[in-house]
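> let's see this in three dimensions:
(2 chains)
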Amino acid sequence: MLKRTKIVSLINADQTIDQVLVKGWVRTRRDSKDFSFIEINDGSCLKNIQVIANNNLANYEEVKKLTTGSSVAITGALVESKGGNQKYEIVAQEVEIYSLAPDDYPLQKKKHTDEYLRTIAHLRPRTNKYGAAFRVRSELSFAIHKFFNDRGFRYVHTPIITGSDCEGAGEMFQVTTLDLNNVPKLPNGEVDYSQDFFGKAAHLTVSGQLNGEMYALGLGDIYTFGPTFRAENSNTTRHAAEFWMIEPEMAFADIYDDMDLAEDMVRFCVKHVMEKCADDLALFDKFVEPGLIAKLQNIVDNGFARITYAEAIEIMQKSGHNFEYKPEFGIDMQTEHERYLAETHFKRPVIVRDYPKEIKAFYMRLNDDGRTVAAMDVLVPGIGEMIGGSQREERYDVLVQKINEMGMKEEDYSWYLDSRKYGSVPHAGFGLGFERMMMLVTGIANIRDVIPFPRTPNSINF
RNA sequence: UCCGGCUUAGCUCAGCGGUAGAGCAAUCGGCUGUUAACCGAUUGGUCGCCUGUUCGAAUCAGGCAGCCGGAGCCA
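Purely as a prediction, here's the structure:
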């Protein structure tokens, strides 16, 4: 019994083969006088394999009815092509038709808009662009695991459902089994969560960082890579309600180790995808973001610029550029500022560190100047903030003071404070939005197009 | 959530006060080792929804909805 061969193997074959079996979907069919050209794609690579179906096939009349989107299994000989656009083609000995796609198949042999393809997200993986995007997504995921694994980082699975409503990274989705039409109430009118599944209010995680820190302080170097949820009503090209985040955490590390790790990781992943997905990236370079490959090569070769927040403000003040919001020490940087730094001034990714403490989270380590914290953001051309990280405040007293200063409840963080109470060490980490790195690598400008089935406000189809 | 734009054939769009068009797709036919093949014919639309203005509305006005872009929030 002949085994199926994937098209990627046939495209890259080093010699002809007497008999092969390929299975896939018809992309296009062109009839000739005595035979028909059928292009088959099986998703194993961007390229199609061209099949010659001669009119001596037993079911040739059926073969001539093959439409775009139909599924077939073809047995035949892999031979050198007489045409100019491909090295090999298959001369069919047998064409088995699994299923004929009716004439209302929504994907045509032409370019569709991304907006239209979003309305048929269940079928878009059958297009060149989205096939390429999701092959890259897979390869980029693997690159992340490979990078950390090679460096001895342990992969930690932090919880998706969390009982702490104060992870401090945004609005949360509530998780409940209570009957929303008949919610149990306490005498004071508040919801009686003691009757809920967990006996208290529960939410979907917005970050695994606090949990990740606990494991770094036991295993040394760890990372998480999993889904994250934000109930923010954000309607932009770079926000989704459900996205994947990578959060490494290193014990015995400071902000400089953290920046090195972030830069090394991005450069490793970009290089990996450039090597493994060359055809797919070539498609993006041609149709999605002209200059993409040169941009990525620049990232691999030249690395990131590094400045402090104070220097960033100074650069912008001296730039003569007319900002809508005047850059001054103390402001939270706006999109226009981030874009100016990465796109106009440095023209490459830039790491900004040492932000004013007032605009950053409680767990970031207070610098010796007393007014900035050891936080760093990686700003990327075209995307903005791709990574946010920091050295964590390891001093118990300072951390408690920060918690109180920010009006948070100390008792809510008792387990987190334990890590500073017992054997506290300097440590650092960051969070990287996986989809934003996908946007960087593919040039795809909308986050909805780098997630298989994106979830955004008012949109949860498929 | 705020600001702006868009919504006409299956898809991409034109038409912008006088009663609906093109290209592509689809269907049929022709031609051809073709490359999103090519040539010809045919089919296909309550012009997003509701109200109003007008002799007359796809076209003007108001409301609603959906989508897109920008901003905020962030990853």
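> from here on, contacts and neighbour counts on C-alpha atoms
Noted.
> pLDDT below threshold where in chain A?
By pLDDT under 70, the weakly predicted segments of chain A are A:165-169.
> for it, which strand is longest?
What stands out as the longest strand in chain A, according to DSSP state E, is strand A:17-31.
> contacts for the following helix or strand past that one?
Next along the chain after strand A:17-31, taking DSSP states H and E as the criterion, comes strand A:35-41. Outside strand A:35-41, the residues that touch it by Cα atoms under 8 Å, 6 or more residues apart in numbering are A:7, A:23-31, A:47-55, A:64.
> residue of the stretch 101-250 of chain A closest to RNA strand B, please.
Going by Cα to the nearest atom of the strand, RNA strand B is nearest to A:K110 of the stretch 101-250 of chain A, at 2.1 Å.
> just the buried residues of the contacts of strand A:35-41.
By neighbour count, with 16 or more other Cα atoms under 10 Å, those hold A:7, A:23-29, A:47-55, A:64 as buried.
> RNA strand B contacts on the stretch 151-300 of chain A?
Selection of the stretch 151-300 of chain A residues close to RNA strand B by Cα under 7 Å from any atom of the strand yields A:169-170, A:230, A:232-243, A:245.
> now list the buried members of the residues you listed.
Neighbour counting by 16+ other Cα under 10 Å classes A:230, A:238-243, A:245 among those as buried.
> from the residues you listed, pick the one nearest A:Q401.
Comparing these against A:Q401 with Cα to Cα places A:R230 closest, at 27.8 Å.
> distance of that closest one relative to A:M408?
Distance, A:R230 to A:M408, by Cα to Cα, to the nearest Å: 20 Å.
> returning to that earlier point: which elements pack onto the longest strand of chain A?
In this structure, strand A:17-31 packs against strand A:35-41, strand A:71-80, with contacts taken as 3 or more Cα pairs under 8 Å, 6 or more residues apart in numbering; DSSP states H and E.
> okay, those, which one's buried deepest?
strand A:35-41 (a mean of 22; mean count of other Cα atoms under 10 Å).
> neighbouring strands for that strand, and are they parallel or not?
Strand partners for strand A:35-41, identified by DSSP bridges, are recorded as strand A:17-31 (antiparallel), strand A:49-54 (antiparallel).
> spatially nearest residue to A:H272 (excluding sequence neighbours)?
Once flanking residues are discounted, A:H272 sits nearest to A:A143: 6.4 Å by Cα to Cα, 6 or more residues apart in numbering.
> oh, that last question was meant for A:P356, not what I typed.
Closest to A:P356 by Cα to Cα, 6+ apart is A:T372, at 4.2 Å.
> got phi/psi on that neighbour?
When read as degrees, to the nearest 10, the backbone of A:T372 gives phi -120, psi 160.
> who's in contact with it?
Taking Cα under 8 Å, 6+ apart, we find A:T372 in contact with A:354-357, A:366.
> can you go through the residues you listed and name the buried ones?
Burial by neighbour count, judged by 16+ other Cα under 10 Å, picks out A:354-357, A:366 from those.
> contact residues of the stretch 1-150 of chain A facing RNA strand B?
A:28-33, A:37, A:52, A:67-68, A:81-86, A:89, A:103-104, A:106, A:108-113, A:115-116, A:118.
> buried subset of those, written for ChimeraX?
Only the buried entries of these go into this ChimeraX selection, using 16+ other Cα under 10 Å:
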select /A:28,29,37,52,67,68,81,89,106,118
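> returning to what we had before: name the residues that touch the helix or strand hosting the residue nearest to A:H272?
Per DSSP H and E, A:A143 falls inside helix A:128-150. Residues from elsewhere that reach helix A:128-150 (Cα under 8 Å, 6+ apart): A:43, A:45-46, A:124-125, A:154, A:223, A:265, A:268-269, A:272-273, A:276-277, A:280-281, A:283-284, A:438, A:442, A:449-450, A:452.
> lovely, talk soon.
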